[in-house]
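Visitor: please find the sequence and the predicted model below.
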Amino acid sequence: MKIAVYGSGYVGLVTAVCLADLKNQVTCIDIDESKISNLNKGLVPFFEPGLDELIQKNKSRLNFTIDAKSNLKSAEIIFIAVGTPQRPDGSAELKYVFQVVEDLSHNLTDNQLIVIKSTVPPGTCQAAEEIIKKNFSGKFAVLSNPEFLRQGSAIYDFMNPDRVVIGTSKESASKLLAKLYAPLKCPIVTTDLISSELIKYASNSFLATKISFINSIANLSEKVGANIDDIAKGMGLDKRIGPLFLKAGIGYGGSCFPKDVKALLNISQTNNIDFKILKAVDEVNESQRLIPLQKLEAKLTLKNANIAVLGLAFKPDTDDLREAPSLTILKSLLAKGAKIKAWDPVAEEKVREIYQEVIYCPSPYEALEDADALIIITEWPQVKNLNLTKVKNLMRNPLIIDGRNVLNKKQATKLGITYLGIGR
Ligand code: NAD
């Protein structure tokens, strides 16, 4: 099929490239000229494993442009995958989505499908329909098709989804979109527009709830002398609970969970629903990321202390820093006069733009030289596989705050390292 995708960010670009790999002809439209110019030179604007190679493999089926007008007419399906960032009141900023809808409404041809893949509050697709009707009198359909991919495994997730959700009021439109996804061989949930929009917020908020729940149990474990790893294992083997998203740590970050939880709270508030559980999920997460600092300050004075920080991205395999706990932690450490050496294999450059005072090291071990403490923020494989004897020998004071519970506590303790994890 001929496809157009608005937005060449994490979701739009991955969607476009994967659909091209499924033998569709795809045009990627973005307003960011430098992004499009780089993509035309074969340069991917962010780090996502396997994406460069997949773009190269499918370059004959991909077209990158800022010119929507001349590329839209031939598209059978038009995806909208632009950002919906958080507004100060927690609600989703929809101006980018509506800008695209307004623009394309002047350039539509009959029978095109407009598919909103961006995460948007209930009612947004219907509002988009109204905008289009004002400017276009032909036949069209607006569909909701939220995306569930995770940065870091985005290509795998797109190609192997647990389900595809399609929201629409028009059966023929949902059939065409389902045909596009048919090669993925997964269940397709077809529903009305509003339910589809809400499925995305409900899913992300539920996963965030699991994380804040296990983190609260971890905090309790510390007080009563239990081990959160064993607790998570004992809970996760129960099929009704499942093992995923039960890893205790310093909380969730990234561009989705924090903003989607806040947006769902805002949607609930607007509809006079007091979503108490979700408020707590958000509060627990905010306080969880401060735990490494509290543990550190209980052990040493931060002024002039050498602190090694390993991992800066909000999770491994991405360079994304949106809502990354590292930013809060670095800010507090610097404010308290600590001297920081940090390492991250891909996110370093972006953090350097924010915190020039930090020394960025080419390897985790260089960050550890003469350190008074180590804080683990992102569970990169290089961090999980640290040689603890080497760590102990490099540090001036062997104190580890393991914010992701990835190191072997027994081994660390045996080596004489003061090891503080989360709930273990
Ligand atoms: P992003 O910020 O990485 O990319 C958005 C892109 O849209 C940018 O390149 C921007 O230049 C472009 N854009 C803005 N206005 C435009 C316009 N008028 N025309 C064309 N392009 C325009 O965002 P993202 O992380 O890809 O997220 C996109 C949406 O998908 C959001 O609603 C997000 O919540 C949702 N989502 C994200 C993820 C994720 O892991 N990042 C996963 C699932 C869903």
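Guide: The structure has been received and is ready for your questions. The shown structure was predicted, so the numbers you read here are calculated from the model rather than taken from an experiment.

Visitor: for the closest residue to the ligand within the chain, which non-adjacent residue is spatially closest?
Guide: Residue nearest to the ligand within the chain (Cβ to the nearest ligand atom): G9, separated by 1.8 Å. Every C-beta, even on glycine, is put in place using the N, C-alpha and C of the backbone. Sequence neighbours aside, G83 is the residue nearest to G9 in space, at 6.3 Å (criterion: Cβ to Cβ, 6 or more residues apart in numbering).

Visitor: residue contacts, that neighbour?
Guide: Listed by Cβ atoms under 8 Å, 6 or more residues apart in numbering, the contact partners of G83 are G7, G9, E93, Y96, S118.

Visitor: go again with 10 Å.
Guide: G83 makes contacts with 7, 9-12, 92-93, 95-97, 118-119, 255, 259, 322, as judged by Cβ atoms under 10 Å, 6 or more residues apart in numbering.

Visitor: and what of I267?
Guide: G90, S91, A92, P121, P122, G123, E197, L198, Y201, I273, F275.

Visitor: is it located within a strand, as I assumed?
Guide: No. With DSSP: H, G, I helix; E, B strand; the rest coil as the criterion, I267 is helix rather than part of a strand.

Visitor: where does it land on pLDDT?
Guide: Looking at I267, its pLDDT is 98.

Visitor: how much space separates it from P121?
Guide: Plainly put, I267 is 5 Å away from P121 if you go by Cβ to Cβ, to the nearest Å.

Visitor: between these two, what contacts are shared?
Guide: Listed contacts common to I267 and P121 are S91, A92, E197, L198, Y201; contacts here mean Cβ under 10 Å, 6+ apart.

Visitor: turn those residues into TSV, including pLDDT, distance to the ligand and secondary structure.
Guide: TSV is the format used below for those (pLDDT from 0 to 100; distance: Cβ to the nearest ligand atom, whole Å; DSSP: H, G, I helix; E, B strand; the rest coil):
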residue	pLDDT	distance to the ligand	secondary structure
S91	98	13	coil
A92	98	7	strand
E197	98	11	helix
L198	98	14	helix
Y201	98	10	helix
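
Visitor: and the two most separated of those residues?
Guide: S91 and L198 (14.8 Å; Cβ to Cβ).

Visitor: V26 versus the residue of the chain closest to the ligand, what's the distance?
Guide: G9 is 15 Å from V26, by Cβ to Cβ.

Visitor: quick one, which of those two is more surrounded?
Guide: Taking neighbours as other Cβ atoms under 10 Å, G9 and V26 compare with V26 leading, 25 against 18.

Visitor: got the phi/psi numbers for the more buried one?
Guide: phi -120, psi 130 (degrees, to the nearest 10).

Visitor: quick one on the thing from earlier: quick one: the shared contacts of I267 and P121 as JSON lines, columns for distance to P49 and neighbour count too.
Guide: As requested, those are arranged in JSON lines below (distance: Cβ to Cβ, whole Å; neighbours: other Cβ atoms under 10 Å):
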{"residue": "S91", "distance to P49": "32", "neighbour count": "18"}
{"residue": "A92", "distance to P49": "28", "neighbour count": "23"}
{"residue": "E197", "distance to P49": "29", "neighbour count": "25"}
{"residue": "L198", "distance to P49": "31", "neighbour count": "19"}
{"residue": "Y201", "distance to P49": "27", "neighbour count": "23"}
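
Visitor: out of those, which is nearest to G403?
Guide: Y201 (27.1 Å).

Visitor: ok, now which ones touch the most far-flung residue of the chain relative to its centre?
Guide: Distance to the chain centre peaks in the chain at S137, reaching 37.9 Å (criterion: Cα atoms, centre = their mean). Shown in contact with S137 (Cβ under 10 Å, 6+ apart): L108, D110.
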